[in-house]
Every structure is written in C-alpha cells, then in structure tokens.
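Engineer: model this:
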Amino acid sequence: MGALIVHNDKLLMVNHKREDRYDFWVAPGGGVKDTESLEDSVIREVKEETGLNVAVDQLMYIEQMYFPKERSVKFWYRCELIDGHLDCTAKEATIEYIVDVKFMDKHELELRETYPPMLKESFWEKVKQESVQPEVIGLRELKNY
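Structural biologist: Model prediction:
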C-alpha cells in the first residue's frame, strides 16, 4: 500500500539509501500486516516512515511490479495530512534504509530517481480532481529491492 500526500503543492517522499546499492525517493508505503485493512496499513506505514498522521481519501492507482521470484500489486491512495512532525528515525523506517523524508515539488521529483513512475507523469493533474477512477499501471520491474 502507498500514500500520495500533497501539502502546499508538494508531495511527501521518503529517501531509501544504501551505500553502493541504491539511492531513490518514493512515496511512503509498505505491506499489510495480519488482518489490517488496506487503508489502515497505509495510515500505519505513513506514521512509521514519516512521523505524520493521515486520513485515507481515495484509491488513485493500482501498480503491478515484479522482481526475481515475486510479483506484487501496490494500491496507491490519496491521503490528507492531519498532523505530526517529519521524522524518519522509527525502527521500522531505519531497517528499510530510509534516511530522509520531505515534501517535494514536481521539479524536485524530476531531478531525482523517484517512484512510482506516474509521479513524473499524470499524477499532478489527477490529484487536482475531486473524484478519480483508479488507474491500473502496467507491469514494471523493481530494480531496488
């Protein structure tokens, strides 16, 4: 599950960085635990990775990904910021090599390796719409896992 949180025309992103392996930015998100709902997993993942509290608004994208021996589907939800302070020092964030969290504008995203790919494409127009139909994103290979 993933969260797309826009505040002051900037999108919340986290930086995953491992020396000599990878350095990329991605919207916060992760997996579902036990029997939690998809929406509850988004809220938990955002809190763990960024320190912020959010409310889930609506499903925007369904992204298909694969890497050796596994295929996954990620549901990207538009979320609304409630409160909190940017902080990526929680244990759950550090074990995923998250080293930074910040809100980035469209131009900043274009200058970096960022995921999911639609953040450099249709996202900025789509997020302005009050109600959207979820868009299915074609299968892509995960290069950083």
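
Engineer: contacts and neighbour counts: CA atoms only from here.
Structural biologist: OK.

Engineer: How is Ser41 assigned, secondary-structure-wise?
Structural biologist: Classification of Ser41 using DSSP: H, G, I helix; E, B strand; the rest coil returns helix.

Engineer: mind checking how far the closest residue to it other than its chain neighbours is from Lys74?
Structural biologist: Among residues not flanking Ser41 along the chain, Val32 sits closest, at 5.3 Å (Cα to Cα, 6 or more residues apart in numbering). Note on Val32: its distance to Lys74, by Cα to Cα, to the nearest Å, is 10 Å.

Engineer: Which neighbours do the two have in common?
Structural biologist: Common neighbours of Val32 and Lys74 (criterion: Cα atoms under 8 Å, 6 or more residues apart in numbering): Met1.

Engineer: What's opposite Gln58 in the beta bridge?
Structural biologist: Gln58 has these beta-bridge partners by DSSP bridges: Arg78.

Engineer: rewinding a little: what about the residue nearest to Ser41, how many neighbours?
Structural biologist: 16 (other Cα atoms under 10 Å).

Engineer: With Ile137 instead?
Structural biologist: When neighbours are counted by other Cα under 10 Å, Ile137 comes out with 16.

Engineer: Ala93 now?
Structural biologist: The burial count for Ala93: 22, using other Cα under 10 Å.

Engineer: Repeat that for Val46.
Structural biologist: 27.
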